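S.K.: The following block contains a protein sequence and its predicted model.
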Amino acid sequence: MGASTFGALSSANLLHAAAQATPTYRALVVVYLAGGNDSHNLIVPTSATEYGQYLDSRQNLAVAQNELLAINPTTPDGRTYGIHPAAPGIQTLFEDGKLAFIANVGNLLEPVTKAEYDADSKPVPPRLFSHNDQTQQSMRVAADGAATLGWAGAFADRVVGLNGVTPLSPSVTLSGSSPLLAGQTTQQYHLSKNGSVSLSGFNGSTGAALRSTFDLLRAQSQPHLLQQQYQTMRNEPIELDDLLSGVLEAAPDLVTTFPDDSGFAETMEMVAKMIQVRSSLGMERQVFYVKKGGGDTHAGQLDDQPELFGDLSATLAAFQAAMEELNTANEVTVAVISEFGRTLSSNGQGTDHGWGGHFMVMGGSVAGRDIYGTMPSLVLDGPDDSGDKGRIIPTQSMDQVAATLGRWFGVNPAQLPTIFPNLGNFASSDLGFLP
């Protein structure tokens, strides 16, 4: 090979490497359905045999077959499916290729079959079916009850360098402190559905004068090193609030309309606004955490579930429309998760704490209109039932879902086994729903 050819190839490789290294914006939005999501009623088999099994197990909680909204997954499994009638937005997103289901996910340390579970021959996460414990485990890097690092916080630690010079953390929570965002080096920044949480007492003309005096006091020179450090720690969040409030206020209103009378919708609209102003804040990578409650449907499920699914569906549809309005649809992925599914069986008025359940993933980069993984049998005491009220044994782990999200987000795939110590126990670290 001649020197000139070698030089040309080297230049091309360098240019390719530079293009690969150039940051492009990506945001991961984690929507956590607190209380456990009864996803067995969100996506339902409609083929005759499987619907009959569903009806036998669900009893009074079953959705009428003729009311389910038909979907057509790209990959057939010999069954047909429908979406809860209160969730037409989810049906449309799925059919348009913008949303996918991830089948039968739960907290696992390694794969476990019904026979292994019955024989207690494989380890399972501690304190299964406990809200607090399973919430922690679903958000940590290992479902062993001992991990302290959140998987989204671990992602933020590794991509924070892609962001510009900015005081804003890549980890933003709009639902209070979350174990999901617990990082080693990054801290989670707290927002409300109305934006930055500002100091109170500085409103109006009197407040403006007070703020001016306050700013003079906090700018005074401090002689002692500890006083200087305290001054810095006190001033940084105030200045960040001023910056963020100003940037959000200057942004044009979104054309997309979000549902009225929904705190969840207001929160997701604020996420959309934060994505809108990303360039002004120097952000290339962001992860947002949003919690939607109400899923602990031990009672009143027939009344509450349509409202829960309706709010979720309409808000997800509005958020995706906002991302398309902002031309960021391919750069934003929404993952809808929960600590566990609910039981197949009815307790008479609702469902109890389960194990495996179905997640959703949405966005322009998602390989949508498909179901990833194997949908479980809905037969009580069947091959996928742990034998206790229809608590389905998961066949895919939270680790696999999170690792797939992390790779798309920009985490080096070689680092994923280090982040998730149990990831190597599973057949695949990538479930294929993102490129």
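M.R.: Arrived safely, thanks for sending. Small disclaimer: the values here were computed from a predicted structure and weren't measured.

S.K.: Please, where are all the helices along the stretch 201-350 of the chain?
M.R.: 204-218, 225-250, 263-276, 301-325 (DSSP state H, counting those that start in this stretch).

S.K.: how big is the angle separating the third one from helix 301-325?
M.R.: With axes from the mean of the first three to the mean of the last three C-alpha atoms, to 10 degrees applied, the angle from helix 263-276 to helix 301-325 works out at 20 degrees.

S.K.: Go through helix 263-276 and flag the buried ones.
M.R.: 264-276 (16 or more other C-beta atoms under 10 Å). In short, each C-beta sits where N, CA and C put it, glycine included.

S.K.: Redo these as JSON lines? Include distance to residue 56.
M.R.: Shown next, in JSON lines, are the buried residues of helix 263-276 (distance: C-beta to C-beta, whole Å):
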{"residue": "264", "distance to residue 56": "33"}
{"residue": "265", "distance to residue 56": "36"}
{"residue": "266", "distance to residue 56": "40"}
{"residue": "267", "distance to residue 56": "38"}
{"residue": "268", "distance to residue 56": "37"}
{"residue": "269", "distance to residue 56": "41"}
{"residue": "270", "distance to residue 56": "43"}
{"residue": "271", "distance to residue 56": "41"}
{"residue": "272", "distance to residue 56": "42"}
{"residue": "273", "distance to residue 56": "47"}
{"residue": "274", "distance to residue 56": "46"}
{"residue": "275", "distance to residue 56": "45"}
{"residue": "276", "distance to residue 56": "48"}
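
S.K.: Return the residues in contact with the residue lying closest to residue 267 once chain neighbours are set aside.
M.R.: Distance criterion C-beta to C-beta, 6 or more residues apart in numbering; nearest residue to residue 267, sequence neighbours excluded, is residue 193 at 4.4 Å. Applying C-beta atoms under 8 Å, 6 or more residues apart in numbering, we find residue 193 in contact with 174, 263, 266, 267, 269, 270.

S.K.: Could you dump those residues into a markdown table and include distance to residue 158 and pLDDT?
M.R.: As requested, the contacts of residue 193 are arranged in a markdown table below (distance: C-beta to C-beta, whole Å; pLDDT from 0 to 100):
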| residue | distance to residue 158 | pLDDT |
| --- | --- | --- |
| 174 | 22 | 98 |
| 263 | 32 | 97 |
| 266 | 31 | 98 |
| 267 | 26 | 98 |
| 269 | 29 | 98 |
| 270 | 26 | 98 |
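
S.K.: Among the residues you listed, which one lies nearest to residue 253?
M.R.: Within these, proximity to residue 253 (C-beta to C-beta) peaks at residue 269, which comes in at 10.5 Å.

S.K.: My guess is the closest one contacts residue 259. True?
M.R.: No - under the criterion of C-beta atoms under 8 Å, residue 269 is not in contact with residue 259, lying 9.3 Å apart.

S.K.: tell me the SS of residue 431?
M.R.: Three-state call for residue 431 (DSSP: H, G, I helix; E, B strand; the rest coil): coil.

S.K.: That one: how many residues sit nearby?
M.R.: For residue 431, the count of nearby residues is 21 (other C-beta atoms under 10 Å).

S.K.: ok, it to residue 142 distance?
M.R.: Counting by C-beta to C-beta, to the nearest Å, the gap from residue 431 to residue 142 is 18 Å.

S.K.: same question, residue 361
M.R.: 22 Å.

S.K.: Neighbour count: the two, which is higher?
M.R.: Shown here are residue 361 and residue 142; by other C-beta under 10 Å, residue 361 has more neighbours (26 against 21).

S.K.: Report the rounded mean pLDDT for the helix or strand hosting the more buried one.
M.R.: Using DSSP states H and E, residue 361 falls within strand 357-362. In this model, strand 357-362 carries a mean pLDDT of 98.

S.K.: Could you do stretch 79-93 as well?
M.R.: 98.

S.K.: hmm, back to that, hey, least reliable of the helices of the stretch 201-350 of the chain by pLDDT?
M.R.: Of all those, helix 204-218 has the smallest average pLDDT, which comes to a mean of 54.

S.K.: quick one: which of the buried residues of helix 263-276 is nearest residue 376?
M.R.: For the buried residues of helix 263-276, the nearest to residue 376 is residue 264 (27.8 Å; C-beta to C-beta).

S.K.: For that closest one, which non-adjacent residue is spatially closest?
M.R.: That would be residue 292: by C-beta to C-beta, 6+ apart, it lies 4.7 Å from residue 264.

S.K.: and the one you found, what does it touch?
M.R.: Taking C-beta under 8 Å, 6+ apart as the test, what residue 292 contacts is 31, 32, 33, 34, 264, 311, 312.

S.K.: returning to what we had before: just name the closest of the buried residues of helix 263-276 to residue 300, please.
M.R.: Nearest member of the buried residues of helix 263-276 to residue 300, counting by C-beta to C-beta, is residue 264, at 18.7 Å.

S.K.: so how far is residue 151 from the closest one?
M.R.: 23 Å.

S.K.: how about low-confidence regions in the protein?
M.R.: Applying pLDDT under 70 to the chain flags residues 1-23, 198-238.

S.K.: ok, back up a step: dig out what the residue nearest to residue 264 forms beta bridges with.
M.R.: Beta-bridge pairing of residue 292 under DSSP bridges involves residue 33.

S.K.: Would you check how far apart it and residue 172 are?
M.R.: Residue 292 is 16 Å from residue 172, by C-beta to C-beta.
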